[in-house]
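Colleague: Give the three-dimensional model of this entry:
(chains A and B)
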Amino acid sequence: MIRIDPLLRALIEREVNNRFLGGVLSPIWWLAQPLLTLGVYALVFGLFMRSSVPAAYGDSFVAYLAVGLWPWLAFADAVTRSASSLIAQSALITRTALPRLYVPLSTVIVSFALNWLALTAIVVLFKLLGFQVSLSGIIMSLPAWIALLLIAMGFAWMVSTAQVLVRDVEGMLGPLFTLLSFICGIQYGLESIPAAWRDVILANPFTHLIARMHDTYLAGGAFVWIDATLLVGGAVIALLGYAFFQRVAPHVDDYL
Amino acid sequence: MSEVLLAVDHVSKLFPKIGRHGAGFAALARLLAAKPSSNGFHALTDIDFTVRRGESFALVGENGAGKSTLLKIIAGVLQPSQGSVTRRGSVGALLELGSGFHPEYTGRENLKLAAALQGLTGAAFDAKLDEIIAFADIGEHIDAPIKTYSSGMNVRLGFALVTALKPDLLITDEVLAVGDESFQNKCISWMEQYLADGGTLLLVSHSLYHVKKLAQRALWLDHGKVRLHGSASDVAIAYQAFHEEKQAGAKRISAAADLTALGQYAVVALQIHAVNADGMQVSGALKSRDGRRPRVAVGIVRIDGTPVYGTTCELDAFALRATDGGQFEFALTFNDWRLLPGSYKLKAHAMDPEGMRLYDTVERDFTVLGDSRELGLVRLPHIWS
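Modeller: Numbering: from 1, shown residues only, chains lettered A, B, ... in the order given. I've put the predicted structure just below:
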């Protein structure tokens, strides 16, 4: 059993409470928001633009969209929320010796946990409804999920500290993530992109992560070597983020 | 000698200058390159002291002197720009009002995180919770959000947590300034018991009474620098004298403005030349409009106005010396006066030549330094048998 520092656990509990207790719609918003995004994308890309699903992944565009979208939203949500986390918790970090690493970390963990649970429930629901999904994907996708989590941690540590000094960072994340989400194969299969541009899309590491989600959840794919590569890449980004944080975070009080 | 629990080693703190649009990329790049900021506000300069186990240590100083910044560095919240802080044993810190409480959460929920921050978790926390809530004595409010609390209730909760933790080193910042008198007394008696049990205390207080009562040693911070470091009573007296001097300066200005409106007889100069535990030397000058020789009455009162002693030149059959400038001078020496350490006022009154009417009063504050635990105004000779 992994022992979690009681302080991190307390911060995670608070983060969960914050998300569920905020407004009237908070208890359902964490599920409703991705579902709405899913609905919008399904309408635009599935119905209007007739994006095709690669043959190996069955024939349901909604299922194809869902298994790529939820991991991406977990990542984008985790990093965007983390950006303002140190500023939001300034009362705590400027008055207590709270380990600052935990503040963005708890945000990332909660975003991933909620979105993973949501997708797991939806995959089970799809299965019951007769869509072509593979329940083994819930386990087989874990390396890709963990790699994505590691990347999110690295980014979260960087943007949360950078945001304290340069308050425009959070604002830049929205357009950046929108762009990234459109060039990693969430809303369409790679086949529908002109060959000349395919290399650009493949150069985006997130394309490979999303592809692993499709492989595992939709085609029953097992663990493959690329999982290890993605995990190593994720770990490197997490370590870079950690080093960045350790340099900057001890001094954020001067700017809060 | 007991072990050093806290060593503050030549600590300096510079707050970097921040423009209207935040710190910017340059500051971020500087932090990443681990280059120290060169311009900004020097909040602390070369602070160096140690606190040993069982000691109680106070920080005094005016607002903005750097006390809270120093406490934050000591508590590990802020990083010093230069120097280092070494802590041993458990440290409990009550920094500012409601240290790190979240306004949306209840007292009970906030206690849980605050306790975890101080290392009290799980079953150990549950076991102490009733004790903490009992000490805070805020009744049903414990389950209401902190945002509904008064400042006094906030401090009660924070202090109650500390009582349960009993850290090796307790750091408190102005907590005694808030809260009602009965809770203050409760806190002070707890702190006295904590010290009696071998606890170590580092407190910031504007109340010199608390400093003298609770601390053995003290450090006076002035504009981020050490002005005086010594026994709590010496520092307290010097700090009080500094304030009195500041107030007297303000009075002198108003006294000068009043010179034009003086009456028939007036005190135009009053100086204290030397003051110590044994006596004082005073000199002064009076003005007389009609050229007749006025009389002077001199008195000493405690800072709160309690009379200590008074006399007149008439009683001692002394006539003021006329000067070439048309003034009348006197010099007065008090010797072997047995005044206890503390703050006093010297008063000089101009009187008519008949010694019947009092025309003018000039005051000077002074302090008798010393380390005495006797009570009252003067030391009365006595013999125990």
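Colleague: going forward, measure contacts between C-alpha atoms and count neighbours the same way
Modeller: Noted.
Colleague: Near chain B, which residues of the stretch 51-200 of chain A are found?
Modeller: A:A91, A:L92, A:I93, A:T94, A:R95, A:T96, A:A97, A:L98, A:A162, A:L165, A:V166, A:R167 (Cα under 8 Å from any Cα of the partner chain).
Colleague: and with 6 Å instead?
Modeller: Contact residues, the stretch 51-200 of chain A versus chain B (Cα under 6 Å from any Cα of the partner chain): A:A91, A:L92, A:R95, A:T96, A:A97, A:L165, A:V166.
Colleague: Counting neighbours, what do you get for B:A160?
Modeller: When counting by other Cα atoms under 10 Å in any protein chain shown, one arrives at 21 neighbours for B:A160.
Colleague: what's it sitting at in phi/psi?
Modeller: Reported as degrees, to the nearest 10, the phi and psi values for B:A160 are phi -60, psi -40.
Colleague: Identify the residues contacting it.
Modeller: Neighbouring residues of B:A160 by Cα atoms under 6 Å, 6 or more residues apart in numbering or on different chains: B:I132, B:F135, B:A136.
Colleague: who wins for neighbours among the residues you listed?
Modeller: B:I132 (23 neighbours).
Colleague: From B:S385, how far off is the closest residue to that residue other than its chain neighbours?
Modeller: Leaving aside its sequence neighbours, B:I132 sits nearest to B:A160 (Cα to Cα, 6 or more residues apart in numbering or on different chains; 5.1 Å). Separation of B:A160 from B:S385 (Cα to Cα, to the nearest Å) stands at 46 Å.
Colleague: before we move on, what about A:A56?
Modeller: For A:A56, the distance to B:S385 - Cα to Cα - is 108 Å.
Colleague: Compare neighbour counts for the two and give me the winner.
Modeller: A:A56 (10 against 3).
Colleague: Once you drop chain neighbours, what's closest to the residue in chain B that chain A sits nearest to?
Modeller: Chain A sits closest to B:G100 of chain B, with a gap of 4.2 Å, by Cα to the nearest Cα. Nearest residue to B:G100 in three dimensions, chain neighbours excluded: A:L92, at 4.2 Å (Cα to Cα, 6+ apart).
Colleague: Just the mean pLDDT for the host helix or strand of that neighbour, thanks.
Modeller: Secondary structure from DSSP states H and E places A:L92 in helix A:90-93. The pLDDT scores in helix A:90-93 average 83.
Colleague: Chain A contacts on chain B?
Modeller: Near chain A, when you scan chain B using Cα under 6 Å from any Cα, you find B:F15, B:A23, B:G24, B:L31, B:L32, B:G76, B:V77, B:S99, B:G100, B:A116.
Colleague: check contacts around the third one.
Modeller: Think B:G24. With Cα under 6 Å, 6+ apart, B:G24 has these contacts: A:L165, A:V166.
Colleague: again, 10 Å this time
Modeller: Going by Cα atoms under 10 Å, 6 or more residues apart in numbering or on different chains, B:G24 touches A:A162, A:Q163, A:V164, A:L165, A:V166, A:R167, A:D168, B:I18.
Colleague: Return the subset of the residues you listed lying in helices.
Modeller: A:A162, A:Q163, A:V164, A:L165 (DSSP state H).
Colleague: Mind putting these into CSV with neighbour count, distance to A:L65 and pLDDT?
Modeller: Putting the ones in helices among the contacts of B:G24 into CSV (neighbours: other Cα atoms under 10 Å in any protein chain shown; distance: Cα to Cα, whole Å; pLDDT from 0 to 100) gives the following:
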residue, neighbour count, distance to A:L65, pLDDT
A:A162, 26, 33, 94
A:Q163, 23, 32, 93
A:V164, 28, 35, 91
A:L165, 24, 37, 89
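Colleague: Sketch out the helices for the stretch 1-150 of chain B, chain order is fine.
Modeller: B:24-32, B:67-74, B:107-117, B:122-136 (DSSP state H, counting those that start in this stretch).
Colleague: May I see those arranged in JSON lines, with mean pLDDT and distance to B:N185 as well?
Modeller: Converted to JSON lines, these look like this (pLDDT from 0 to 100; distance: least, Cα to Cα, whole Å):
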{"stretch": "helix B:24-32", "mean pLDDT": "84", "distance to B:N185": "46"}
{"stretch": "helix B:67-74", "mean pLDDT": "89", "distance to B:N185": "23"}
{"stretch": "helix B:107-117", "mean pLDDT": "86", "distance to B:N185": "22"}
{"stretch": "helix B:122-136", "mean pLDDT": "88", "distance to B:N185": "13"}
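Colleague: Distance to B:N276 added to those helices, as JSON lines?
Modeller: JSON lines is the format used below for these (distance: least, Cα to Cα, whole Å):
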{"stretch": "helix B:24-32", "distance to B:N276": "53"}
{"stretch": "helix B:67-74", "distance to B:N276": "30"}
{"stretch": "helix B:107-117", "distance to B:N276": "49"}
{"stretch": "helix B:122-136", "distance to B:N276": "45"}
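Colleague: Of these, which is nearest B:T311?
Modeller: helix B:67-74 (43.9 Å; Cα to Cα).
Colleague: and the closest one, C-alpha only, in PDB?
Modeller: Extracted in PDB, the C-alpha atoms of helix B:67-74 (Å, rounded to 0.1, in the frame of the first residue of the first chain):
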ATOM      1  CA  LYS B  67       9.700  41.400  12.900                       C
ATOM      2  CA  SER B  68       7.100  39.400  10.900                       C
ATOM      3  CA  THR B  69       9.500  38.900   8.000                       C
ATOM      4  CA  LEU B  70      12.100  37.500  10.400                       C
ATOM      5  CA  LEU B  71       9.500  35.200  12.100                       C
ATOM      6  CA  LYS B  72       8.500  33.900   8.700                       C
ATOM      7  CA  ILE B  73      12.100  33.100   7.800                       C
ATOM      8  CA  ILE B  74      12.500  31.400  11.100                       C
END
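Colleague: tell me which strands and helices that helix is in contact with?
Modeller: With contacts defined as 3 or more Cα pairs under 10 Å, 6 or more residues apart in numbering or on different chains; DSSP states H and E, the packing partners of helix B:67-74 are strand B:4-16, strand B:40-52, strand B:56-60, strand B:82-87, strand B:91-94, strand B:169-173, strand B:200-204, strand B:217-222.
Colleague: Now those strands in a markdown table, please, with extra columns for mean pLDDT and mean neighbour count.
Modeller: A markdown table is the format used below for those (pLDDT from 0 to 100; neighbours: other Cα atoms under 10 Å in any protein chain shown):
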| stretch | mean pLDDT | mean neighbour count |
| --- | --- | --- |
| strand B:4-16 | 91 | 19 |
| strand B:40-52 | 91 | 17 |
| strand B:56-60 | 92 | 25 |
| strand B:82-87 | 92 | 16 |
| strand B:91-94 | 82 | 25 |
| strand B:169-173 | 86 | 23 |
| strand B:200-204 | 90 | 26 |
| strand B:217-222 | 93 | 23 |
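Colleague: Kindly reformat those as a markdown table containing distance to A:L230.
Modeller: Putting these into a markdown table (distance: least, Cα to Cα, whole Å) gives the following:
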| stretch | distance to A:L230 |
| --- | --- |
| strand B:4-16 | 40 |
| strand B:40-52 | 44 |
| strand B:56-60 | 54 |
| strand B:82-87 | 41 |
| strand B:91-94 | 42 |
| strand B:169-173 | 47 |
| strand B:200-204 | 51 |
| strand B:217-222 | 55 |
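Colleague: now for those strands, which one comes closest to A:A195?
Modeller: Taking Cα to Cα, strand B:4-16 is the member of the helices and strands packed on helix B:67-74 nearest to A:A195, at 52.1 Å.
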